[in-house]
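Engineer: sharing a model prediction with you, sequence too.
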Amino acid sequence: MKRAGVIGGGAWGTALAQVCARAGLETVLWAREPEVVADINAHHENRLFLPGVSLDAGVRASHDFVDLARAEFILAVAPAQHLRATLATLSPQVETGLPIVLCAKGIEQGSLKLMTEVLAETIPQAAPAVLSGPSFAGEVARGLPTAITLACPDEALGWRLAEAIATPAFRPYTAGDMIGAEAGGAIKNVLAIACGIVEGRGLGRSAHAALITRGFSELTRVAVALGGEAETVAGLCGLGDLVLTCSSPQSRNMSVGLALGKGESLEAALSGKLSVAEGVASAPAVRDLARKLGVDVPICDATAAILAGHIGVDDAIQGLLARPLREES
């Protein structure tokens, strides 16, 4: 593979375009914002979403899907709640069998569908794959060491994609379980908001560790109920991503939780932020999907209730601590 397309000119899309260019691929980054396209092509920098990072000269930006026609695979990095509309617009340009690697981490509101299901409905002729794992955009773009999961049901294609984007600092591990990879990426965003609330409320490291651990149990139960594998979410795309996102205010989702924990409103927590905190939109979808599956997710439930304004932070915390004692399993 010699040519890559990336859809999404935000921080993560720009970072992945940087990865592709460093891997020696001819790379076209599609961005909706004209100023992002102009900035990348004229100055090799995305000052709107990823300021201070010099981009590889091999990254070329465009706002026309036609410019992706020569790509041998496409990384789809549009936010989860906008992915359906983006893919529907792209569909006429996609030939049968073109690999589309889904990089958004979320569950679609309303339909409660994973991104692979959205892709199957909008571009059924594509060959699907999922990229997920512990990865901050700024660190990846600067070339700091990163390892991720690249899940693809076609094992041979998965290896080809991994070999295409691998660099000395960006290491993909292949897997066949797209459901597990998607569930891990989507649910950890909701749990990161909860961890941010714990930090913002000053509840201590013990509470933080307990929330990550019990949250991981919720994540695993939902993934398995969807048809994913517990082994998958025990890896980079589940546990690894959860630990990273719940441990640093660099995480957009954790930063929202921090603000809520300190008493700010959701509107104030989100104001002035250009990048999307996927967990805010995914929280009610995760809650509803878990109910549909008959899976108990008390932390995700409480987080969704706080975000909706149905319960206060302190009442939600007390509700979780007052749950009946049970065996850990």
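Structural biologist: That came through fine.

Engineer: list phi and psi for residue 53.
Structural biologist: phi -110, psi 120 (degrees, to the nearest 10).

Engineer: that one and residue 142, how far apart?
Structural biologist: Counting by CB to CB, to the nearest Å, the gap from residue 53 to residue 142 is 6 Å. Using the backbone N, CA and C atoms, a C-beta is placed for each residue, glycine as well.

Engineer: those two: who's more crowded?
Structural biologist: Taking other CB atoms under 10 Å, residue 53 and residue 142 do not tie; residue 53 has more neighbours (20 against 15).

Engineer: so that one touches residue 143, yeah?
Structural biologist: No - checked against CB atoms under 8 Å, the pair residue 53 and residue 143 is beyond contact range at 9.7 Å.

Engineer: shared neighbours of those two, which are they?
Structural biologist: When contacts are counted by CB atoms under 8 Å, 6 or more residues apart in numbering, residue 53 and residue 143 have no shared neighbour.

Engineer: pull out the buried residues from the strand or helix carrying residue 174.
Structural biologist: Residue 174 is located in strand 170-175, with elements delineated by DSSP states H and E. If you call a residue buried by 16 or more other CB atoms under 10 Å, then strand 170-175 has these buried ones: 170, 172, 174-175.

Engineer: same check, this time on stretch 102-118
Structural biologist: For stretch 102-118, a neighbour-count test (16+ other CB under 10 Å) marks 102-108, 112-118 as buried.

Engineer: can you list contacts of it?
Structural biologist: Applying CB under 8 Å, 6+ apart, the external contacts of stretch 102-118 come out as 8, 12-13, 16, 75-81, 83-84, 87, 119, 121, 128-132, 178-179, 182-183, 185-186, 188-189, 226, 241, 278, 281-282, 284-286, 288-289, 292.

Engineer: out of the buried residues of stretch 102-118, the closest to residue 166 would be?
Structural biologist: The nearest member of the buried residues of stretch 102-118 to residue 166, counting by CB to CB, is residue 103 at 15.7 Å.

Engineer: burial check on the closest residue to the closest one other than its chain neighbours, number of neighbours?
Structural biologist: In this structure, residue 103 finds its nearest non-sequential neighbour in residue 77, 4.4 Å apart by CB to CB, 6 or more residues apart in numbering. Per other CB under 10 Å, the neighbour tally for residue 77 reads 27.

Engineer: pLDDT value on residue 77, please?
Structural biologist: On the pLDDT scale, residue 77 is placed at 97.

Engineer: and for residue 272?
Structural biologist: Residue 272 is assigned 75 on the pLDDT scale.
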